[in-house]
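Q: no sequence for this one, just the structure:
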């Protein structure tokens, strides 16, 4: 794979950032967040991981060497319980409001910014999933919607060399709209059918490095070939003048309330910040998830485990009671 094109040299030039994003669909920024900020948040996250019993006895918490038998992934309830404890941390949410982050998007957009309240935490256990089942090639737009001009800010919580499974990008793939997809057993349950052979770029990430990418650019996580847990965090940004979904103003998957998130915070400055903004919302376009449900239900009838993640997403999140019931029935079929 080729390395990322670095964009730190144009960091203060909003027009140049916008042009490069339009060309490549991503920006890779070395040393963008101060090391000490990430180190402190990582320590908080790994303390929770250790308390959950995920780490190998006798090893350092900061090394994050995991027990293979602890392996789990979102949307497994065991994983979500740990993510929920991390999700309520004030420093986690405050990081995304830092002036260097907001300033970058303000320069690139040339107008006020909406940071999506919904933030995400990713966890990748080592050597537990083959290449196909590591978060495969996909686009964010079917899950985020609103405006296609929405950008994910992705940050590993610590050094993340290629062998640890960072995010890779297929440059320029944001220019052709939503691509054909199939069912898969990772992430949101949707994977683009084109493997993008020979198109991928990636680099070793050092603590504080960040990746920003377009909602339509095809990206994936590489397999974690180490013995350590890989955790990363991400959130989306867009122009305030453009629409978003009401879902993007909530917590991740709705697995807790904002009241629960804010309960232990020391400051109220960032609480419900979006309610002070003129946020425009549009209805959810169900076409992508309708297809996902159709594929998942059919696969479950055939006993295909590829359907499980999509079924869990439907069961946990779908607004349609009938579809949730069908997902539950299909999950029972797989369990049989």
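A: It's in. Treat the numbers as computed from the prediction; the structure is a model and nothing was measured.

Q: So for the helix or strand hosting residue 79, mean pLDDT?
A: Using DSSP states H and E, the element containing residue 79 is helix 77-87. Taken as a whole, helix 77-87 carries a mean pLDDT of 94.

Q: what do you get for stretch 166-176?
A: On average, the pLDDT along stretch 166-176 is 97.

Q: buried set for it?
A: By neighbour count on 16 or more other C-beta atoms under 10 Å, the buried set for stretch 166-176 is 166-174. Bear in mind the C-beta positions are built from the backbone N, C-alpha and C, glycine included.

Q: ok, back up a step: give the other helices and strands that the helix holding residue 79 contacts.
A: Applying 3 or more C-beta pairs under 8 Å, 6 or more residues apart in numbering; DSSP states H and E, we find helix 77-87 packed against helix 35-51, strand 113-124.

Q: 10 Å - rerun?
A: helix 35-51, strand 113-124, strand 230-239, helix 258-262, helix 308-317 (3 or more C-beta pairs under 10 Å, 6 or more residues apart in numbering; DSSP states H and E).

Q: So which residues of the stretch 101-250 of the chain form helices?
A: Applying DSSP state H, counting those that start in this stretch to the stretch 101-250 of the chain gives helices spanning 141-144.

Q: Just the strands from it, written as ranges.
A: Using DSSP state E, counting those that start in this stretch, the strands found in the stretch 101-250 of the chain span residues 113-124, 150-156, 167-169, 181-183, 190-192, 210-214, 219-221, 230-239.

Q: what's the closest of those to residue 334?
A: For the strands of the stretch 101-250 of the chain, the distance to residue 334 is smallest for strand 181-183, at 13.0 Å, taking C-beta to C-beta.

Q: From the rest of the structure, what touches the helix holding residue 79?
A: Helix 77-87 is contacted from outside by 41, 44-49, 51-54, 70-75, 92-93, 119-123, 125, 157, 231, 233, 251-253, 255-256, 260-261, 312, 316, using C-beta atoms under 10 Å, 6 or more residues apart in numbering.

Q: show me where pLDDT drops low in the stretch 101-250 of the chain?
A: 128-134, 187 (pLDDT under 70).

Q: follow-up on the earlier one: of the buried residues of stretch 166-176, which is the nearest to residue 10?
A: Looking across those and measuring by C-beta to C-beta, the closest to residue 10 is residue 171, at 16.1 Å.

Q: Surely residue 196 touches residue 137?
A: Yes. Using C-beta atoms under 10 Å, residue 196 is in contact with residue 137, at 5.9 Å.

Q: where do the contact lists of these two overlap?
A: Contacts common to residue 196 and residue 137, judged by C-beta under 10 Å, 6+ apart, are 168, 170, 173, 179, 218-220.

Q: residues touching the residue nearest to residue 138 when sequence neighbours are not counted, list them.
A: Of all residues not flanking residue 138 in the chain, residue 191 sits nearest, at 5.4 Å (C-beta to C-beta, 6 or more residues apart in numbering). For residue 191, the contacting residues are 132, 135-139, 179, 181-185, 218, 220, 306, taking C-beta under 10 Å, 6+ apart as the criterion.

Q: Residue 191 pairs with what?
A: Residue 191 forms beta bridges with residue 182, as assigned by DSSP bridges.

Q: separation between it and residue 295?
A: 11 Å (C-beta to C-beta, to the nearest Å).

Q: Between those two, which contacts overlap?
A: Common neighbours of residue 191 and residue 295 (C-beta under 10 Å, 6+ apart) are 181-184, 306.

Q: and those residues, which two are the farthest apart?
A: The widest separation within these (C-beta to C-beta) is 12.7 Å, between 181 and 306.

Q: So for these two, which residues contact both of them?
A: Contact criterion C-beta under 10 Å, 6+ apart; residues shared by residue 181 and residue 306: 189, 191, 295.

Q: wait, which of these is closest to residue 148?
A: Closest to residue 148, out of all of those and judged by C-beta to C-beta, is residue 191, at 19.1 Å.
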